[in-house]
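J.: With the sequence up front, the predicted model follows.
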Amino acid sequence: MIVVGLTGGIGSGKTTVAKEFAKLGVPIYIADNEAKALMRRSKVIKRKLIALFGEEVYVDGQLNKPFIANIIFNDKSYLQKMSAIVHPRVGKHFHKWALKQKAPYVIKEVAILFENGGDKACDYVITVTAPIKIRVERLLKRDDTSKKKIEAIMKNQWTDEEKIKHSHFVIENTNLEETLNQVLQIHKKLLIKQ
């Protein structure tokens, strides 16, 4: 099974690209969604997050995202500590999931793939890029957020230039038709590599 990492900065359009690969029959694993699900249901993760952040990390059994975000953006070390709790379990979950798939390759979409060292577990990496101005505009339309919060998240992520240096494929996601064409070209290349 070939594992393809799909990454890109916040607002780059990873989800759009992942959906296009899914239309081609490629199984997609969205690591962020699985991490959130594991943080809700895993008793071990819950216990460790409460030990790290305090009881307020959960409200009525749900993750208190604004509380966590506030702590992380004021002290980056908490992001690393939380990642050390959550990411190994997401990795195990992904491995079990991947073994069940019946396809030439699977895609694991991870926002901070390189930052976590997750690229080492991938055979290939695709980075999705878009100019920062476009990314900020997309996020302001999509999320209930501020430019300041977006910039804080971007500071915790590698730049596009850094990601591109370590990637096998790059998709410039500014024009949907061109993006779809790039997805198709990469898909064809990956099918040959199996």
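T.: On my side now, so go ahead. Numbering: from 1, shown residues only.

J.: can you pull the contacts of residue 4?
T.: 105, 106, 107, 108, 122, 123, 124, 125, 126, 190 (CB atoms under 8 Å, 6 or more residues apart in numbering). Quick note: C-beta positions are derived from backbone N, CA and C, even for glycine.

J.: And it, how close does it get to residue 12?
T.: Using CB to CB, to the nearest Å, we find residue 4 at a distance of 16 Å from residue 12.

J.: can I get the contacts of residue 4 in CSV with pLDDT, neighbour count and distance to residue 43?
T.: Output for those, formatted as CSV (pLDDT from 0 to 100; neighbours: other CB atoms under 10 Å; distance: CB to CB, whole Å):
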residue, pLDDT, neighbour count, distance to residue 43
105, 97, 20, 33
106, 98, 20, 28
107, 98, 25, 29
108, 97, 26, 25
122, 96, 19, 30
123, 97, 14, 33
124, 98, 19, 35
125, 98, 23, 33
126, 98, 27, 35
190, 96, 22, 38
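
J.: neighbours around residue 127, how many?
T.: By other CB atoms under 10 Å, 27 other residues sit near residue 127.

J.: related to what we said a few turns ago, can you tell me which of the contacts of residue 4 is nearest residue 155?
T.: Of all the contacts of residue 4, residue 155 sits closest to residue 125, with 21.6 Å by CB to CB.

J.: Which stretches in this structure count as strands?
T.: Assigned by DSSP state E, the chain shows strands spanning 2-8, 28-30, 58-59, 62-63, 105-109, 124-129, 169-172.

J.: Using CSV, please lay out these together with distance to residue 141.
T.: Output for these, formatted as CSV (distance: least, CB to CB, whole Å):
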stretch, distance to residue 141
strand 2-8, 17
strand 28-30, 21
strand 58-59, 28
strand 62-63, 24
strand 105-109, 21
strand 124-129, 18
strand 169-172, 20
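
J.: And the ones you listed, which one averages the lowest pLDDT?
T.: Here the lowest mean pLDDT among the strands of the chain goes to strand 62-63, at a mean of 91.

J.: roughly how far is it from the heart of the chain?
T.: 19 Å (CA atoms, centre = their mean, to the nearest Å).

J.: contacts for it?
T.: Residues from elsewhere that reach strand 62-63 (CB under 8 Å, 6+ apart): 36, 39, 40, 57.

J.: Most neighbours among these, please name it.
T.: residue 39 (23 neighbours).

J.: how close does that one sit to residue 3?
T.: Here residue 39 is placed at a distance of 23 Å from residue 3 (CB to CB).

J.: Just the buried residues of the longest helix seen in the chain, please?
T.: Longest helix of the chain, by residue count under DSSP state H: helix 76-99. By 16 or more other CB atoms under 10 Å, the buried positions in helix 76-99 come out as 79, 81, 82, 85, 86, 87, 89, 90, 93, 94, 98.
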